[in-house]
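[1] Okay, sequence plus prediction incoming.
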Amino acid sequence: MSRSESSSSGAARRRILALAWPIILSNITVPLLGLVDTAVVGHLPDSRYLAAVTLGATLFSFLYWGFGFLRMGTTGLTSQAVGRENDTDVRNLLGQSLLIAAGIGAALIVFSRPLIRLGLWLLDGSDIATALAAEYAEIRILSAPAVLANYAILGWFLGQQNSRVTLAILVLTNGVNILLDLLFVIGLGMTSDGVAWATVIADYTALAFGLWLVSRQLRWLSGRFLRHRLLAVSAYGELFSVNANLFVRTLGLLFVMAFFTSRGAAQGDTVLAANAVLLQFIMLTSYALDGFAHAAEALTGRSVGARRWTEFAQSVRSAAWFSLLTAGIAALAFALGGEALIALLTGLPEVRETAATYLPWMVAMPLIAVWGYLLDGVFIGATAIREMRNSIFAGLAVYLPAWWLGQALLPEAFINHGLWLAFTLFMLTRSATLIAYYHQRRRSDWRDANHDAS
C-alpha cells in the first residue's frame with residue numbers, strides 16, 4: 001500500500017470512528033431507561049403494574065421499530081443529496097419526511113384502539129395486566145407523531161454526517177423520561193399511567209429540541225423549500241419506494257424475532273427465559289455494530305451522491321475493519337466470560353444452566369451477523385433497499401425449513417439447539433446474500449467507469 005493510500009485509509013477510519021462513537025454511546029442510554037422504568041414500577045406494592053408496563057413497552061417497541069424506515073430512508077437519501085451538494089434536496093427531504101411522520105403518527109392515534117387491542121391480544125398477558133397495559137398504551141400512543149418526527153430528524157442529521165445530534169437528543173429524551181418517572185410515580189403516587197405520561201412528555205420535549213437544532217442547521221444551508229416537492233404526491237415517489245421496501249424488510253425481521261420467541265416459549269418458561277437472556281448478548285453486540293453501520297450509511301451515501309467510488313470503497317473497508325474488530329472482541333468475550341455475563345443477567349440457577357448450554361451459539365453469532373449489520377448500512381446509504389429486502393426473503397427461505405427439520409429430526413433435548421441453528425442460518429444466509437449483492441453492484445453500478453473495481 002502506498003503512503004497516499006495509507007493516509008486515505010487512516011482518514012476514512014477516523015471519519016468512521018468520529019461518526020460511530022456518539023451513536024454507540026446513545027445506544028447505551030436505551031437499556032438504561034428500561035432499567036429505570038422497571039425499577040420504579042417494580043417497587044410498587046402490586047406486580048400487575050410492572051406487568052402492564054412490560055406489556056405496553058413491548059407493544060410500542062415492536063410498533064415503532066416497524067416505522068424505523070423513516071430514520072433509515074431519510075439518512076440514505078439525505079447523504080446522497082449532500083454528496084451532490086444539493087441543499088435544496090437536503091431541505092425538501094426533511095420536509096417530506098416530517099410530513100410523512102406526521103401523517104403516520106396521526107393515523108396511529110386515530111386507529112389506536114383497535115391497534116392496541118390487537119397488539120395486546122397477541123402478547124397474551126393476564127386480564128388484569130392487559131387492562132392496565134391498555135390504559136398505558138392509550139396514553140403512550142399520543143406521542144406517535146413526535147417519535148416518528150424524531151426518527152426523521154435523526155436520519156436527516158446523520159445523512160449530513162452529524163451523529164452528535166443523535167447523542168444529544170437521546171440523552172435529553174431519556175434524561176427527561178427518567179426524571180419524570182421518579183416525579184410521577186414516587187413523588188405523585190401515580191402507577192403505570194405515570195410512566196406513560198413521562199414518556200409522552202419526554203418525546204415531545206425531544207421533538208422541540210430537535211426542531212430547534214433543525215432551525216439552526218437550516219441557516220447554514222442554501223436552497224429553499226419547494227411547495228410542489230412538499231405538497232405533490234408524485235414528488236414523494238423515491239422516498240415512498242425506499243421506505244416501502246424498508247418497511248417490508250423490517251416486518252420480516254420482526255417476524256423472525258417473534259417466531260423465535262414463540263418457539264422458545266413453546267418449550268417452557270425456563271427455555272424462554274434462557275433464550276431471552278442470550279438475546280441480550282446479541283443486543284449488546286448490536287449497540288456497537290450499529291454505530292459503525294450508521295457511520296457507513298452517511299459516508300457511503302455521500303460517496304454515491306458524488307459518484308466518488310474510490311472514497312466509497314475506502315469507507316466500506318474502514319467500517320468493515322472496525323466492525324470485524326468489534327465482532328471478534330464480542331465473540332472472545334462471550335467465549336471467556338459468557339457464563340459470568342449470564343449470571344449477571346439472571347439469578348435463577350435453572351435459567352443460568354440452560355442458557356450456558358446454548359452459549360456456543362453466542363460465540364459464533366457476532367462473526368456471522370457482522371456482515372448483515374455492516375452491509376445494511378452500506379445499502380441504506382446507497383438506497384439499494386430492494387437488495388436488503390431480498391436478503392430477508394432469502395434468510396426466511398432457509399430459517400423456516402431449518403426449524404421444521406430440527407423439530408422433525410432432532411430428539412427433544414436438542415429442539416432448542418435446532419431453533420438456534422435455524423436462527424444462525426438465517427443470519428448466515430442474510431449476510432451471504434448481501435455480500436453477493438455487494439460484489440455484483442461493485443462490478444456494475446458502484447465503480448468508476450475508467451477503472452476496475454477493487
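    All right, it came through fine. Residues are numbered from 1 along each chain as shown.
[2] by contact count, what packs against the one helix or strand Leu289 maps to?
    In this structure, Leu289 sits in helix 269-306 according to DSSP states H and E. On a contact count with 3 or more Cβ pairs under 8 Å, 6 or more residues apart in numbering; DSSP states H and E, helix 269-306 meets helix 3-42, helix 69-83, helix 144-159, helix 237-265, helix 309-345, helix 349-357, helix 359-381, helix 415-443. In this view, the C-beta of every residue, glycine as well, is placed from N, C-alpha and C.
[3] Using PDB, write down the CA coordinates of the second one.
    Output in PDB follows, covering the C-alpha atoms of helix 69-83 (Å, rounded to 0.1, in the frame of the first residue of the first chain):
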ATOM      1  CA  PHE A  69     -37.700   3.200   7.900                       C
ATOM      2  CA  LEU A  70     -38.300   6.900   8.500                       C
ATOM      3  CA  ARG A  71     -34.800   7.200  10.000                       C
ATOM      4  CA  MET A  72     -33.100   4.900   7.500                       C
ATOM      5  CA  GLY A  73     -34.700   6.200   4.300                       C
ATOM      6  CA  THR A  74     -34.100   9.800   5.300                       C
ATOM      7  CA  THR A  75     -30.400   9.100   6.100                       C
ATOM      8  CA  GLY A  76     -29.700   7.400   2.700                       C
ATOM      9  CA  LEU A  77     -31.400  10.000   0.500                       C
ATOM     10  CA  THR A  78     -30.100  13.000   2.500                       C
ATOM     11  CA  SER A  79     -26.500  11.700   2.400                       C
ATOM     12  CA  GLN A  80     -26.700  11.300  -1.400                       C
ATOM     13  CA  ALA A  81     -28.100  14.900  -1.700                       C
ATOM     14  CA  VAL A  82     -25.100  16.100   0.400                       C
ATOM     15  CA  GLY A  83     -22.800  14.300  -2.000                       C
END
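[4] next SSE after it?
    helix 87-110.
[5] So which bits of that following helix are buried?
    For helix 87-110, the neighbour count (16 or more other Cβ atoms under 10 Å) marks 87, 89-98, 100-102, 104-105, 108 as buried.
[6] do stretch 440-448 as well
    By 16+ other Cβ under 10 Å, the buried positions in stretch 440-448 come out as Arg441, Arg442, Trp446, Arg447.
[7] Quick check: the gap between the first one and Ile380.
    In this view, Arg441 and Ile380 are 14 Å apart by Cβ to Cβ, to the nearest Å.
[8] now do the second one
    Between Arg442 and Ile380 the distance, using Cβ to Cβ, works out to 16 Å.
[9] And the last one, by the same measure?
    Spatial separation of Arg447 from Ile380 under the definition Cβ to Cβ is 20 Å.
[10] Kindly report the same for the third one.
    For Trp446, the distance to Ile380 equals 14 Å [Cβ to Cβ].
[11] SS state for the closest residue to Thr310 other than its chain neighbours?
    Computed as Cβ to Cβ, 6 or more residues apart in numbering, the closest residue to Thr310 that is not its neighbour in sequence is Asp448, at 6.9 Å. Recorded secondary structure, Asp448: coil (DSSP: H, G, I helix; E, B strand; the rest coil).
[12] where in this structure is pLDDT low?
    Along the chain, the parts satisfying pLDDT under 70 run over 1-8, 30-35, 37-39, 42-47, 124-125, 449-454.
[13] can you map out the strands along the stretch 101-250 of the chain?
    Remark: no strands are assigned in the stretch 101-250 of the chain by DSSP state E, counting those that start in this stretch.
[14] in terms of contact, does Leu299 touch Arg317 like I think?
    No. Using Cβ atoms under 8 Å as the test, Leu299 is too far from Arg317 to be in contact (11.2 Å).
[15] Now the common contact residues for the two.
    Ala12 (Cβ atoms under 8 Å, 6 or more residues apart in numbering).
[16] which one of those two has more residues nearby?
    Leu299 (27 against 14; other Cβ atoms under 10 Å).
[17] how many other residues sit next to the nearest residue to the more buried one once chain neighbours are set aside?
    Once flanking residues are discounted, Leu299 sits nearest to Ser315: 4.0 Å by Cβ to Cβ, 6+ apart. When neighbours are counted by other Cβ under 10 Å, Ser315 registers 27.
[18] how about Ser315, what does it touch?
    The contact partners of Ser315, by Cβ under 8 Å, 6+ apart, come to Ala12, Arg15, Ile16, Ala296, Leu299, Thr300, Ser303.
[19] which one is the second one nearest to, not counting chain neighbours?
    Read that as Arg15. Leu299 (6.2 Å).
[20] returning to that earlier point: CSV for the contacts of Ser315, including distance to Leu63?
    Formatted as CSV, these follow (distance: Cβ to Cβ, whole Å):
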residue, distance to Leu63
Ala12, 37
Arg15, 34
Ile16, 32
Ala296, 27
Leu299, 31
Thr300, 29
Ser303, 34
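[21] circling back: now the residue nearest to Leu299: how far from Ser215?
    To Ser215, Ser315 is 30 Å away according to Cβ to Cβ.
[22] contacting residues for Glu138?
    Contact analysis of Glu138 by Cβ under 8 Å, 6+ apart lists Ser112, Arg113, Ile116.
[23] Could you do Thr75 as well?
    Contact analysis of Thr75 by Cβ under 8 Å, 6+ apart lists Gly155, Trp156, Leu158, Gly159, His294, Glu297, Ala298, Gly301, Ile380, Gly381.
[24] Tabulate the residues you listed in JSON lines, adding columns for distance to Ile169 and neighbour count.
    Below are these laid out as JSON lines (distance: Cβ to Cβ, whole Å; neighbours: other Cβ atoms under 10 Å):
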{"residue": "Gly155", "distance to Ile169": "12", "neighbour count": "30"}
{"residue": "Trp156", "distance to Ile169": "12", "neighbour count": "28"}
{"residue": "Leu158", "distance to Ile169": "11", "neighbour count": "28"}
{"residue": "Gly159", "distance to Ile169": "15", "neighbour count": "29"}
{"residue": "His294", "distance to Ile169": "14", "neighbour count": "31"}
{"residue": "Glu297", "distance to Ile169": "17", "neighbour count": "31"}
{"residue": "Ala298", "distance to Ile169": "16", "neighbour count": "29"}
{"residue": "Gly301", "distance to Ile169": "20", "neighbour count": "30"}
{"residue": "Ile380", "distance to Ile169": "20", "neighbour count": "29"}
{"residue": "Gly381", "distance to Ile169": "21", "neighbour count": "34"}
